[in-house]
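> sequence and predicted model, in that order:
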Amino acid sequence: MNHSFYPAMLCLEDSTYFKGWSLTDSINCLGEVVFNTGMTGYQEIITDPSYSGQIITFTYPEIGNTGFNNEDNESNKIHAAGIILKNLCLHDSSWRSQVSFVDYLLKYEVPHIFGIDTRALTKHLRNKGVMNGSISTKFLDMGALQKMIKLSPVMEGLDLVQKVTTEYQYTWDSNSSSKFYYSHLDYKLKQSLRSPSIINIVVIDFGVKHNILSRLSKQGCNIEIIPAKSQMSNILALKPDGILLSNGPGDPSILGYAINTVRELIYKTNIPIFGICMGHQILSLALGGLTFKLRFGHRGLNHPTGLNQKAEITSQNHGFAVNLTHNLAEVTHFNLNDLTIAGILHTSKPVFSVQYHPEASPGPHDSDYLFSSFVRLVRLVKD
């Protein structure tokens, strides 16, 4: 199939710009321009709710070669504000592909630009920090684009959770999770499924990824997903054996409604709590910690985390990190690239969290054990 290419421009708030191409002439998007260093997983990335409000630069130079399928989406729609590519593969080649990447971009009108020097862009963002920007084929005038960028909201102080959280409580269908299958972990999963009793897990949805729900389901859990603004009374009415605080986008410090609810759950109950990414940040804030914005964030599949000569390779996607200002929790993991806190454990409550994604698909799977650890903790407290 022949495709038309249209001139496109990426403009950053510091007036840096890149010229490239797009497959459509109707693009004009705004967002925080970030970069992801993963070599695979572009489908999971652009459907991850944590990328809401962000324009993603893919540092891997060839994107689209494996197409798209109906199984690997992390949510029911595209959340990325736009995508930036070096080379766009026009023809997919994978036995799992059900639609080409090009056709997917056009069908769902994903704002995009390709044919630019993504290495130069990434080095610029590393040096200057991530910043707002615009991709446009409608406006190729720097002055007009700069005016729009200056009017766009900054990420600090922005509540994006309300854009991605569920509006209503729902139950996760375990049949829908069969698509996420790690054959090399299956022997462990079969053991967990033979557990004598089913446990009830309530997931507070700040922008939850499907694969988190899948991993819990594979551990033999009944899963109820609830809105981010749910009160403690609503949560307790579901009789949870454990609570998971999900990933999500935006500035965690602005989510007072969630921080207060989590604080109540910690100090008024003894229900085990597991926080992932945004959930880790909210949990830390509920314990009296602080959060701060990173210069360019951690987004990729190869981030080492660990403590005391032990390390795991993890998938990460966050622009904020936490500082502990108390001794209520101990640090279990550091990000070994910059020594920011990557995991905590409460000193007296069954509460822990990590600043990375143990459910990572397509991987790595080093930290997948955290789900079985959470389930074991839940059963221990329940029994």
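On my side now, so go ahead.

> what helix or strand is V262 located in?
When secondary structure is defined using DSSP states H and E, the element that contains V262 is helix 256-268.

> if F114 is in a bridge, with which residues?
W21 (DSSP bridges).

> which parts of the stretch 251-383 of the chain are strands?
273-276, 290-307, 310-323, 329-335, 341-346, 351-354 (DSSP state E, counting those that start in this stretch).

> identify all contacting residues around the fifth one.
It stands for strand 341-346. 266, 280, 283-284, 287, 305, 314, 321-324, 328-335, 351-356 (Cβ atoms under 8 Å, 6 or more residues apart in numbering). Every residue, glycine included, has its C-beta placed from N, CA and C.

> adjacent strands (with direction) for it?
Within its sheet, and counting by DSSP bridges, strand 341-346 is paired with strand 329-335 (antiparallel), strand 351-354 (antiparallel).

> repeat that for the longest one.
Strand 290-307 pairs in its sheet with strand 310-323 (antiparallel), strand 329-335 (antiparallel), by DSSP bridges.

> got the CA positions of the first one in PDB?
So that's strand 310-323. Below are the C-alpha coordinates for strand 310-323, written out as PDB (Å, rounded to 0.1, in the frame of the first residue of the first chain):
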ATOM      1  CA  LYS A 310      22.000  -7.800  44.800                       C
ATOM      2  CA  ALA A 311      20.400  -6.400  41.700                       C
ATOM      3  CA  GLU A 312      17.400  -6.900  39.400                       C
ATOM      4  CA  ILE A 313      16.900  -5.600  35.900                       C
ATOM      5  CA  THR A 314      13.500  -3.800  35.800                       C
ATOM      6  CA  SER A 315      11.100  -1.900  33.600                       C
ATOM      7  CA  GLN A 316      10.500   1.600  34.700                       C
ATOM      8  CA  ASN A 317       8.300   4.500  33.600                       C
ATOM      9  CA  HIS A 318       8.100   7.500  36.000                       C
ATOM     10  CA  GLY A 319       9.000  11.100  36.100                       C
ATOM     11  CA  PHE A 320       8.900  11.600  39.900                       C
ATOM     12  CA  ALA A 321      10.800   9.900  42.700                       C
ATOM     13  CA  VAL A 322      10.400   9.800  46.500                       C
ATOM     14  CA  ASN A 323      12.400  11.000  49.500                       C
END
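
> ranking the strands paired with strand 341-346 by burial, who's on top?
Mean neighbour counts were compared across the strands paired with strand 341-346 using mean count of other Cβ atoms under 10 Å; the top stretch is strand 351-354, at a mean of 26.

> that one - what's its average pLDDT?
Per-residue pLDDT values across strand 351-354 average out to 98.

> pull the CA atoms of that strand into PDB?
Taking C-alpha atoms only, strand 351-354 is exported to PDB below (Å, rounded to 0.1, in the frame of the first residue of the first chain):
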ATOM      1  CA  VAL A 351       2.900  -2.600  53.500                       C
ATOM      2  CA  PHE A 352       5.400  -2.400  50.700                       C
ATOM      3  CA  SER A 353       5.900  -0.800  47.300                       C
ATOM      4  CA  VAL A 354       8.300  -0.500  44.300                       C
END
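
> how far out from the middle of the chain is it?
Strand 351-354 sits 16 Å away from the centroid of its parent chain (Cα atoms, centre = their mean, to the nearest Å).

> same check, this time on stretch 21-28
Taking the mean of its C-alpha atoms, stretch 21-28 sits 26 Å from the chain's own mean (Cα atoms, centre = their mean).

> all numbers from here: first residue = 5
Renumbered: residue one is now 5, and that last one reads stretch 25-32.

> in that stretch, what counts as buried?
Buried residues in stretch 25-32, defined by neighbour count with 16 or more other Cβ atoms under 10 Å: W25, S26, L27, T28, I31.

> I'd like the residues you listed as TSV, with pLDDT appended.
Compiled in TSV, the buried residues of stretch 25-32 are given as follows (pLDDT from 0 to 100):
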residue	pLDDT
W25	97
S26	97
L27	96
T28	93
I31	91
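
> now, among those residues, which is nearest to V134?
Using Cβ to Cβ, I31 comes nearest to V134 of these, at 20.5 Å.

> touching, that closest one and F143? I think so.
No: I31 lies out of contact with F143 (Cβ atoms under 8 Å); the separation is 9.7 Å.

> for F300, see how far away L14 is.
16 Å (Cβ to Cβ, to the nearest Å).

> kindly report the same for K213.
As judged by Cβ to Cβ, K213 and F300 stand 22 Å apart.

> which of the two has more residues huddled nearby?
Under the neighbour definition other Cβ atoms under 10 Å, K213 and F300 were set side by side, and K213 has more, 26 against 17.

> how about that one, what does it touch?
K213 sits next to E48, D52, P53, S54, E78, S79, S250, N251, H361, E363 when contact means Cβ under 8 Å, 6+ apart.

> so what's the residue count around S79?
Under the criterion other Cβ under 10 Å, the count of neighbours that S79 has is 18.

> tell me if I am right that it is in a helix.
No: residue assignment for S79, taken from DSSP: H, G, I helix; E, B strand; the rest coil, gives coil, which places it outside any helix.

> low pLDDT regions in this protein?
For the chain, applying pLDDT under 70 flags the ranges 5-6, 178-200.

> domain-wise, how is it divided?
In the assignment given by automatic domain parsing, the structural domains of the chain cover 10-155, 165-386.
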